[in-house]
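Visitor: For reference, the sequence and a predicted model appear below.
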Amino acid sequence: MADWVQQMIDAAQPHVPEPVVSVGILQPAGTWGAMGFGQVSGLAGMIARKTANDRSAGMGKNGAFSTKAAMIALTADRLYAFNAKPKGRSFKVVNEVGDWERSDVKVATTPGKLSTKVVFDVESTGAHYELEATTVMQMGGFTDKFLAELTRPLD
């Protein structure tokens, strides 16, 4: 797991001007459900993917043929959001989606069976993002450690 954590930090660090404390990989909330709907009906899957992408407001994208994950990099004081594509066993940053003071972002998490829903509300702008962190493949606790850092009270 330490190798996976370091790979994610190494992927994000060149795009962040201060030391990265933790990195998480999220997807639009509803991605798991869209996969299920897609098994039953292609049209239902397409509608579910569009709904999930709309709720993520450009952070990550769930597509039938290509997917971008939301890579969230946390520093002591800031939260940086990027769209990233899988590259081998790591991810490559495609573009920056946001950069906020951690104190300006309210985070709510809701654990589920396959994922934990993660909602970001940026108080200064009113921006709202609905994502999910996969809990099926924990990578040795990678997701839990990121969520713990993301939701810890700031000093």
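Guide: Nice, thanks for sending it over. No experiment lies behind these values; they were computed from the predicted model shown.
Visitor: use CA for all of it now, contacts and neighbours both
Guide: Fine.
Visitor: What are the boundaries of the helices in this structure?
Guide: Secondary structure of the chain by DSSP state H: the helices cover 2-12, 31-40, 42-56, 142-151.
Visitor: show me what contacts residue 123?
Guide: When contacts are counted by C-alpha atoms under 8 Å, 6 or more residues apart in numbering, residue 123 is found next to 104, 105, 106.
Visitor: And it, how far from residue 105?
Guide: Separation of residue 123 from residue 105 (C-alpha to C-alpha, to the nearest Å): 6 Å.
Visitor: Residue 116 too?
Guide: Using C-alpha to C-alpha, one obtains 18 Å as the distance from residue 116 to residue 105.
Visitor: show me what contacts the residue nearest the centre of the chain?
Guide: By C-alpha atoms, centre = their mean, the chain has its centre lying nearest to residue 26, at 2.3 Å. Contact partners of residue 26, counting by C-alpha under 8 Å, 6+ apart, are 60, 69, 70, 71, 72, 131, 132, 133, 134.
Visitor: May I ask you to confirm that the second one is in contact with residue 81?
Guide: Which is residue 69. No: in this structure residue 69 lies outside contact range of residue 81 using C-alpha atoms under 8 Å: 10.2 Å.
Visitor: joint contacts of those two?
Guide: residue 59.
Visitor: List the contacts of the residue lying closest to residue 80 once chain neighbours are set aside.
Guide: Nearest residue to residue 80, sequence neighbours excluded (C-alpha to C-alpha, 6 or more residues apart in numbering): residue 99, at 4.5 Å. For residue 99, the contact set (C-alpha under 8 Å, 6+ apart) comprises 78, 79, 80, 81.
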